[in-house]
Structure formats: C-alpha cells, structure tokens
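[1] Would you be able to build a 3D model of this:
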Amino acid sequence: MNRCPDSLHDLLRDLGLHRIAAVLDEELGQAAIQAIPTTELLRRLLRQEIDARTERRAERRIKEARLPERKLLDDFDFEFQAGIDKTQIMELATLDFARRKQGLVLAGNSGTGKSHLAKALLLIGCRQNFRCRYTTAAQMLKELLAGLADNSLDSKLKRFLAPEILLIDEVGFDRLEQHDAANASLFHKVIDGRYCKGSTIITTNIDFKQLGDYLGDPVITTATVDRMIHHSIILTVKGPSWRLHQSRQLNAPK
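    Sure thing, here's the model as predicted:
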C-alpha cells in the first residue's frame, strides 16, 4: 500500500525531524494509554529530537577530532594514581580553561595516565561542541614536514591552528629525525599560532629542559616553551605506571 506523500511521517522527515518521525507512533500510543496531555507529548517529542541532534553533532565532532579511542574520566582509577587530584581534574572537565583559551600541560613518567586524562577531556570537548583535534607530536611534525616538501605547509598548518582545543599527545615519546631545525621551527609555528587564540593540551614524559634536544634546536625551543607555559595550567603527574601494575596482576601466580 503506497503511503500518502503528505503523511505526517513524511512531513516530519521533510522538516528534518527524523527522530520524531521514528518514535511518533510509539509516543502516540503511550500518550493514549497514559492520557498524556498534548503539551507534554510535544515536549517529549521535541526533547528526543534535540537529544538525537546533539548526539549526531557530538559524533561528527569526535570523527573530525580523529580521536583514536574514547577514554572516560569515569574509567580512570584515581585511587591507584593517588598523585592526581581528582577535584582538580573534575574542575578541568568543566572546560572553563578552554573557554579562557588557556593551555594545559600534563607532564610525568610513562604509564601514569596522562594520555587517558587528556583524551577524556578532548572527548568532553567534542560533546560540548568544541572544534577539537587529536594528534601525536610525531604525527603532527610528520604532516608539517610533508607540507614543507610539497609547498602545502600553510594548509596543513591550519589543521592544527583552527581547532578550539588541540591535543598534542606523546611529546618526547618518539625519537625524531633531527637532521635540521625544522622540527623545532614547525612545533613553534603551531604553539605560537595558537598562543592565546585556542586551548592546547600537551602530554609529555620529558622535562622542558630536554625539549630542545628532542626538537633539535634549543634556541627556538626556549621561545616555544615560554609560550607553552605562559597562560597554561601545568600538571605534574607523579605515581606508578598503570600498565606495569596491570602486567604484574596478569602475570602474578594464581
């Protein structure tokens, strides 16, 4: 049986109200059984449509951010990592620092949960409709170096300057090719270009003094660090490695 082209469901879809179209019959049935007032039924339908659109927008933001995994603060073991102030992390989760265009630096040994916390904050940013981007330091510099080679640096640079929140993960983790000062110069372009214009989250397992050796040019790196730490929240994560803890549990004698 052909559906009337002006059916209520079709009109709802034409208006882009796809969630209401999908749940309308069920909601009308519930309204009839429970004697739900018309205004309350309309409120319920509109709330479902808004929630569905919010979720779709968040999914789009997460995809655009290129987050490799979805970490949640609820999954972080604050009791194990007692060196981290949970109250401070929950304050950061409000993303007021991002609204102030402040930076956030999470420094500490490998395995202490820096990346978990940073990814969880970026995920919250996506769900709050911030334009976000995830990258490792090595991947970012690889893309920018490629831009130098094919004269597309400006367009590639915009990928890291445009987001409202940029997470540069694993600074210092991968050994970089240090045949010239390009790494330091390109890293500086990103930090300087975002300085007081967007929020940059950085995770690192090396001291700021070692950053010059890592990037290949201590002179340029001094100016970079100056911008990284000014107007930024610095969090030093001290504690045992969670990965080592899990490994010991898995391999402990039964």
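[2] Longest helix in this protein, by number of residues?
    Taking DSSP state H as the criterion, the chain has its longest helix at helix 38-65.
[3] Report the buried residues of it.
    Taking 16 or more other CB atoms under 10 Å as the neighbour-count basis, helix 38-65 is seen to contain the buried residues 41, 44-45, 48-49, 52, 61-62, 65. (Glycine included, C-beta is placed from N, CA and C.)
[4] Distance check, residue 225 against residue 157.
    As for residue 225, its distance to residue 157 is 20 Å (criterion: CB to CB, to the nearest Å).
[5] returning to that earlier point: immediately after the longest helix of the chain, which helix or strand?
    Scanning forward in sequence from helix 38-65 by DSSP states H and E, the next helix or strand is helix 86-92.
[6] Pull the residues that contact that following helix.
    73, 76, 78, 104, 117, 121, 233, 235 (CB atoms under 8 Å, 6 or more residues apart in numbering).
[7] Would you mind pulling up the elements that the longest helix of the chain packs against?
    Using 3 or more CB pairs under 8 Å, 6 or more residues apart in numbering; DSSP states H and E as the contact criterion, the elements in contact with helix 38-65 are helix 18-34, helix 114-127, strand 132-136.
[8] Identify whichever of those lies nearest to residue 82.
    Distances from residue 82 to each of those were compared by CB to CB, and the smallest falls on helix 114-127, at 14.4 Å.
[9] Where do the domain boundaries of this protein fall?
    Domain assignment for the chain by automatic domain parsing gives 8-64, 66-245.
[10] For the chain, give me the ranges with low pLDDT.
    Along the chain, the parts satisfying pLDDT under 70 run over 1-5, 176-181, 239-254.
[11] most packed of the domains of the chain?
    Mean neighbour count (mean count of other CB atoms under 10 Å) peaks for domain 66-245 among the domains of the chain, with a mean of 17.
[12] which one is residue 235 nearest to, not counting chain neighbours?
    For residue 235, the nearest residue in space outside its immediate sequence neighbours is residue 106; the separation is 5.1 Å by CB to CB, 6 or more residues apart in numbering.
[13] tilt between the helix or strand containing that neighbour and helix 114-127?
    With secondary structure defined by DSSP H and E, residue 106 is part of strand 103-108. Between the axis of strand 103-108 and that of helix 114-127 there is an angle of 150 degrees, by axes from the mean of the first three to the mean of the last three CA atoms, to 10 degrees.
[14] Paired strands for strand 103-108, with orientation please.
    When sheet partners are counted by DSSP bridges, strand 103-108 sits next to strand 199-204 (parallel), strand 232-237 (parallel).
[15] mind putting those in TSV, distance to residue 193 included?
    Formatted as TSV, the strands paired with strand 103-108 follow (distance: least, CB to CB, whole Å):
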stretch	distance to residue 193
strand 199-204	10
strand 232-237	15
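[16] and residue 188, which of the ones you listed is closest to it?
    For residue 188, the closest of those is strand 199-204, at 12.6 Å, according to CB to CB.
[17] quick one: contacts for the closest residue to residue 145 other than its chain neighbours?
    Here the nearest residue to residue 145 in space, its sequence neighbours aside, is residue 182; by CB to CB, 6+ apart that works out to 6.1 Å. Residues counted as contacts of residue 182 (CB under 8 Å, 6+ apart) are 145, 148, 216.
[18] go with 10 Å
    Residues in contact with residue 182 (CB atoms under 10 Å, 6 or more residues apart in numbering) are 141, 144-145, 148, 176, 215-217.
[19] Also residue 238?
    By CB under 10 Å, 6+ apart, the residues touching residue 238 are 81-84, 107-109, 112.
[20] what about it, distance to residue 79?
    Residue 238 sits at a distance of 15 Å from residue 79 (criterion: CB to CB).
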